[in-house]
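A.B. asks: Sharing a model prediction with you, sequence too.
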Amino acid sequence: MLGHANWRVQLVAAAAMIIGDSVDCQDALWAALDRPCWTSPQLAVAAALVDVDFLNKARMRLERRCTVSSEPAATLSAIERHVAMGPASSGGHSVKLFSALLALCQEMGAPWVASLEAEQDVEALLAADVDDGGENALDWKQEISALKERIS
């Protein structure tokens, strides 16, 4: 499901991973994050909750500024791409994911976050995040964690 281009299908898979404490699909989850996805903040939360190596994998992506691969979208028409991946451009997806991963790493107390934030281009990247990926990630993490607690 994480390999599907449609964000709705990916979101169901991510929620199932969180609720079921599944670590089986971590590679597929990170691969989904490396492609444009309207729900990248929610997928980032899934990675933060199920992958013990989250901070290292997130840092690697943050250092390369969350560049996403648009290859899967190349075969879709404009309307199919919009429906499957949301309205953002590849650059929009990158900054939303950057913001989400950074917020999650901050919350988790990653010691290297301050030096990353001090880099010259980071302020501009975060300002370009019109979808507020960081806040979306933190809000969704709180909501899905509370749901998981209630059903456990």
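C.D. replies: Right, received. Where do you want to start?
A.B. asks: distance of the residue lying farthest from the centre of the chain from R65?
C.D. replies: Most distant from the centre of the chain: S152, at 24.8 Å, with distances by Cα atoms, centre = their mean. From S152 across to R65, the span is 37 Å (Cβ to Cβ, to the nearest Å). Quick note: C-beta positions are derived from backbone N, CA and C, even for glycine.
A.B. asks: Could I get the contacting residues of I19?
C.D. replies: 144, 147-148, 151 (Cβ atoms under 8 Å, 6 or more residues apart in numbering).
A.B. asks: and what of E135?
C.D. replies: By Cβ under 8 Å, 6+ apart, the contact set of E135 is A103.
A.B. asks: Go again with 10 Å.
C.D. replies: Counting by Cβ atoms under 10 Å, 6 or more residues apart in numbering, E135 touches 41, 99-100, 103, 129.
A.B. asks: where's it, which helix or strand?
C.D. replies: helix 133-151 (DSSP states H and E).
A.B. asks: Report the rounded mean pLDDT for that helix.
C.D. replies: The average of the pLDDT scores along helix 133-151 is 95.
A.B. asks: Kindly report the same for stretch 10-28.
C.D. replies: On average, stretch 10-28 scores 90.
A.B. asks: got the buried residues for it?
C.D. replies: Applying a neighbour-count criterion of 16 or more other Cβ atoms under 10 Å, one finds 10-11, 13-15, 17-18, 25-26 buried in stretch 10-28.
A.B. asks: In the contacts of I19, which residue is surrounded by the most others?
C.D. replies: Of all the contacts of I19, I144 has the most neighbours under the rule other Cβ atoms under 10 Å, reaching 18 neighbours.
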